[in-house]
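> Got a predicted structure here, sequence first:
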Amino acid sequence: MRRSRLPFAVLAFVLVFFYLPILILVVNSFNASRFGSGWQGFSLRWYVRLFQEAEIWQAARNTLVIAVSVTLVSLVLGTTAALALHRFAKTRLQRLHYTFIYTPLVVPEILMGISLLMAFVSAGVPLGLTTIFLAHVTFCVSYVALVVLGRLQDFDDAVVEAAQDLGADWWTTARRVLLPMLAPGLAAGALLAFTLSVDDFVITFFVAGPGATTLPIRIYSMIKHGATPLINALSTLLLTLTFLTVGASQRLSKNKLFGGGS
Amino acid sequence: MKAKIAILAAVAALTFACGGKKDKATLHVYTWADYVKPELVSRFEAENACRIVIDTFDSNEAMYAKLKAGATGYDLITPTSYMVSLLHGQGMLQPLDKALLPNAARVDPDYLAIAIDKAMDHSVPYMITNTGIAYLASKVADFEPTWGMFDRADLKGRMVMLNDMRETIGAALKFLGCSLNSTNPEELEKAKAVVIRWKKNLAKFENEQYKTGIASGEFLLVHGYSGDILQVQAENGDIVFAMPREGGAISCDDLVIPATAKDVKLAHAFINFLHDPRVAAENTEFIQYLCPNKDAYPLLSEKIRSNPGVFLAPEIRAKCEIFADLGDKNALWVAVWDEIKAAK
């Protein structure tokens, strides 16, 4: 019997939709033309100009500082939340807790942005990087908690009991048993939190203060008034960075988690 | 656990340390991206021993929503005129101190005659741009600078108008000799008929892709913003910008100081600096919008002065108008626009 060609066609179609736009963007970042209206020759002029734009790099720095700190803090908070939710799943308090964790995922971003801004203003918190950090942690915690919770659901609690039977104290159990087994979930949660923080525009726009422009805010404004090829060049650099990070992390996790095998 | 606490502490230190360096006076400017020549910013910083921090917004409405919700800390903002009226109406702007703005006297009086805040009581015009027609000189025969070009059946399917209620109905109103801020139902009814007639010749109503379209020759004639057209011209020398003889829309971004500004004096100093004729001319050459400063005009290069996209002939400029806030008549316009969009 011949295999159907349909799955292959669907796969090709999906891949084209996923990657063709990215490919066009990367190609255009080397296009001498400003509008990508046609190929006007290979050029690195947008990259050269990009490196001269101090404001863009300041925005990139702001974005990274926020994303890294948000990832670390929401990883800690989200994981502890997931542990509590898993361990005491049946109690009424944890059911309420679950609702609280879940809500930020379904609240429209614009509502969250405006309400956080109003909260900061009425509390007298000066707007700046700190407020963006707080706002991002608010929604990233939920994503981390749910991802880690998913991992915990397949978790065999007997392993923890066995460790304790064998004389491991709480800290040793957490470090030598719990953390390694949860590592893929933690990594996924961290990556998700990092991406969401780097990406976020709506909430960030509202809670950003003077001197705290992030890349997405800068890019939106550039689309209206600035040069789009600079955005292409910047995106290409970010994409390269992302692929390198993901590639490196996959390589590392393969070696560490599964003892270098498979 | 100690490791975690150490990480937390490091994160906290990292986050809060970024507010440092507060020894110099700082001016916080909230504006569009790439809207002032970077060298001019450095020059002002050196002359006034201060630091300028620029933050950007991408739409007047989003900026308004943010300020309205209570965001503060900005000393100078550059909204478009219609938004300036709204901000002023809500008491969100400071009156300007003319004693600190000697260069305000250099603002082009012809422009002020059509401006909304004619006395520069709370706003000083910063940059103006025009909406007109761009076309490919080698492909469009017998071009005439009139909105009536959209009636040309030989260009059918190769023309684009802006997908913007104010711009497109406004163009039809100008074509009919009315004000583009008209709220007279009869005039609007006539304008509606005109746009529906034009629509039969249009490829589409569109705001962004028309730039690529005319650069590649997909479209032959487009309704567009002069700032955009000037950028595309650098790529395709065949593109010509023209302002219709009936007049068209002028948009202006103004310099305003919000009521919550901290360094009001420095904000005035920066406004004054931007209207220094040499600075204004240099800025205009760089961002290709026109700073309406009469003493800067003679300093502009011939290339800019002869370009109708930047510099309009006085008799045409006199026929141009600025979009005013429609207030409660907005619904009337929206209804007309809906009918146009639905028309076959």
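Structure received.

> contacts, neighbours, all on C-alpha from now
OK.

> Quick check: closest non-adjacent residue to whichever residue of the stretch 1-150 of chain B sits closest to chain A.
Closest to chain A within the stretch 1-150 of chain B is B:D58: 4.1 Å, counting by C-alpha to the nearest C-alpha. Residue nearest to B:D58 in three dimensions, not counting chain neighbours: A:S221, with 4.1 Å by C-alpha to C-alpha, 6 or more residues apart in numbering or on different chains.

> any chance you could map the helices in chain B?
Applying DSSP state H to chain B gives helices spanning B:2-17, B:38-48, B:60-68, B:81-89, B:109-114, B:165-175, B:185-199, B:210-216, B:226-233, B:264-274, B:277-287, B:302-305, B:314-317, B:330-342.

> coming back round to it: find the helix or strand that the residue nearest to B:D58 is a member of.
Element membership for A:S221 (DSSP states H and E) is helix A:215-225.

> For that helix, which outside residues touch it?
For helix A:215-225, the surrounding residues in contact (C-alpha atoms under 8 Å, 6 or more residues apart in numbering or on different chains) are A:56, A:59-60, A:62-63, A:198-201, A:204-205, A:228, A:231, B:32-35, B:55-59.

> what about 10 Å?
Residues outside helix A:215-225 that contact it (C-alpha atoms under 10 Å, 6 or more residues apart in numbering or on different chains): A:55-64, A:198-202, A:204-205, A:208, A:226-231, A:234, B:31-35, B:55-59, B:208, B:227-228, B:287.

> before we move on, what about stretch B:103-116?
Under the criterion C-alpha under 10 Å, 6+ apart, residues B:81-82, B:84-85, B:98, B:118-120, B:123-126, B:128, B:250-252, B:271-277, B:291-297, B:314, B:317-325 lie in contact with stretch B:103-116.

> From the centroid of chain A, which residue is nearest?
A:T195 (1.9 Å; C-alpha atoms, centre = their mean).

> By proximity to chain B, which residue of chain A wins?
Per C-alpha to the nearest C-alpha, A:S221 is where chain A lies closest to chain B, at 4.1 Å.

> Report the separation between that residue and A:L64.
From A:S221 over to A:L64 the distance is 19 Å, taken as C-alpha to C-alpha, to the nearest Å.

> Over to A:F205?
For A:F205, the distance to A:L64 - C-alpha to C-alpha - is 16 Å.

> which bits of the stretch 101-250 of chain B sit near chain A?
Proximity of the stretch 101-250 of chain B to chain A (C-alpha under 10 Å from any C-alpha of the partner chain) is limited to residues B:208-209, B:211-218, B:227-228, B:231-232, B:234-236.

> and if we set it to 7 Å?
Contact residues (C-alpha under 7 Å from any C-alpha of the partner chain) of the stretch 101-250 of chain B with chain A: B:212, B:215-216, B:235.

> that older thread, which pLDDT value belongs to the residue of the stretch 1-150 of chain B closest to chain A?
Predicted confidence (pLDDT) for B:D58: 83.

> B:T31 is in contact with that one, correct?
No. Contact criterion C-alpha atoms under 7 Å: B:D58 and B:T31 do not qualify, at 8.5 Å.

> Count the neighbours of B:D325 for me.
For B:D325, the count of nearby residues is 16 (other C-alpha atoms under 10 Å in any protein chain shown).

> For it, grab phi and psi.
phi -70, psi 130 (degrees, to the nearest 10).

> just A:G124 next, same as before
A:G124 adopts backbone torsions of phi 80, psi 20, taken as degrees, to the nearest 10.

> Which residue, other than its chain neighbours, is closest to A:L77?
Once flanking residues are discounted, A:L77 sits nearest to A:V141: 6.3 Å by C-alpha to C-alpha, 6+ apart.

> can I assume that neighbour sits in a helix?
Yes. Under DSSP: H, G, I helix; E, B strand; the rest coil, A:V141 sits within a helix.

> Next, count neighbours for it.
Should you count by other C-alpha under 10 Å, A:V141 turns out to have 28 residues around it.

> doesn't A:V76 make contact with it?
No. Counting by C-alpha under 7 Å, A:V141 sits too far from A:V76 to count as a contact (8.6 Å).

> ok now do B:R158, which residues does it touch?
B:R158 makes contact with B:202-203, B:218-221, according to C-alpha atoms under 7 Å, 6 or more residues apart in numbering or on different chains.

> Pop the domain breakdown of chain B in here.
Under automatic domain parsing, the residue ranges defining each domain of chain B are B:16-127+B:251-312, B:129-249+B:318-342.

> Can you pull the poorly scored residue ranges out of the stretch 101-250 of chain B?
Residues of the stretch 101-250 of chain B meeting the criterion pLDDT under 70: none.

> at 80 instead, please
Scanning the stretch 101-250 of chain B for pLDDT under 80 picks out B:208, B:231, B:234-235.

> Mind checking which of B:D58 and B:T31 has more residues around it?
A direct count of neighbours by other C-alpha under 10 Å for B:D58 and B:T31 places B:T31 higher, at 24 against 20.

> Could you count how many residues lie near the residue nearest to the more buried one when sequence neighbours are not counted?
Excluding its sequence neighbours, the residue lying closest to B:T31 (C-alpha to C-alpha, 6+ apart) is B:T56, at 4.9 Å. Counted with other C-alpha under 10 Å, residues neighbouring B:T56 total 26.

> can I assume B:T56 is in contact with B:Y35?
No. With contacts counted by C-alpha under 7 Å, B:T56 stays clear of B:Y35, the gap being 9.5 Å.

> Can you give me the buried ones in stretch B:237-254?
Under the neighbour-count criterion of 16 or more other C-alpha atoms under 10 Å in any protein chain shown, stretch B:237-254 has B:239-254 buried.

> contact partners of it?
For stretch B:237-254, contacts defined as C-alpha under 7 Å, 6+ apart pick out B:78-81, B:123-138, B:145-147, B:171, B:174-175, B:177, B:233, B:308-309, B:316-317, B:319-322.

> Check stretch A:173-193 too.
Identification of contacts with stretch A:173-193 by C-alpha under 7 Å, 6+ apart yields A:71, A:75, A:140, A:143-144, A:147-148, A:151, A:160, A:163.

> which parts of it are buried?
Buried, per 16+ other C-alpha under 10 Å, within stretch A:173-193: A:173-174, A:178, A:181-182, A:184-187, A:189-193.

> Now do the contacts for B:D97.
So B:D97 contacts nothing (C-alpha under 7 Å, 6+ apart).

> Please report phi then psi for it.
The phi/psi pair for B:D97 (degrees, to the nearest 10) is phi -90, psi 100.

> Distance from the longest strand anywhere in chain B to the middle of the chain?
As assigned by DSSP state E, the longest strand anywhere in chain B is strand B:124-136. Taking C-alpha atoms, centre = their mean, to the nearest Å, the mean C-alpha location of strand B:124-136 is offset from the chain mean by 8 Å.

> now for it, which elements pack on it?
Packing partners of strand B:124-136 (3 or more C-alpha pairs under 7 Å, 6 or more residues apart in numbering or on different chains; DSSP states H and E): strand B:221-225, helix B:226-233, strand B:239-242, strand B:249-255.

> For the longest one, name the packing helices and strands.
Applying 3+ C-alpha pairs under 7 Å, 6+ apart, one finds that helix B:226-233 makes contact with strand B:124-136.

> who touches the strand it packs on?
In contact with strand B:124-136 (C-alpha under 7 Å, 6+ apart) are residues B:220-227, B:229, B:238-244, B:248-256, B:289-292, B:309-310.

> List the buried residues of the longest helix anywhere in chain A.
Counting by DSSP H, the longest helix found in chain A is helix A:54-87. Residues A:55-56, A:58-82, A:84-86 are the ones in helix A:54-87 that count as buried (16+ other C-alpha under 10 Å).

> What's the mean pLDDT across it?
Here helix A:54-87 scores 92 as its mean pLDDT.

> Run the chain-centre distance for that helix.
Offset of helix A:54-87 from its chain centre (C-alpha atoms, centre = their mean): 8 Å.

> ditto for stretch B:326-341
How far stretch B:326-341 lies from its chain's middle: 22 Å, per C-alpha atoms, centre = their mean.

> same deal with stretch A:140-149?
The chain centroid and the centroid of stretch A:140-149 are separated by 12 Å under C-alpha atoms, centre = their mean.
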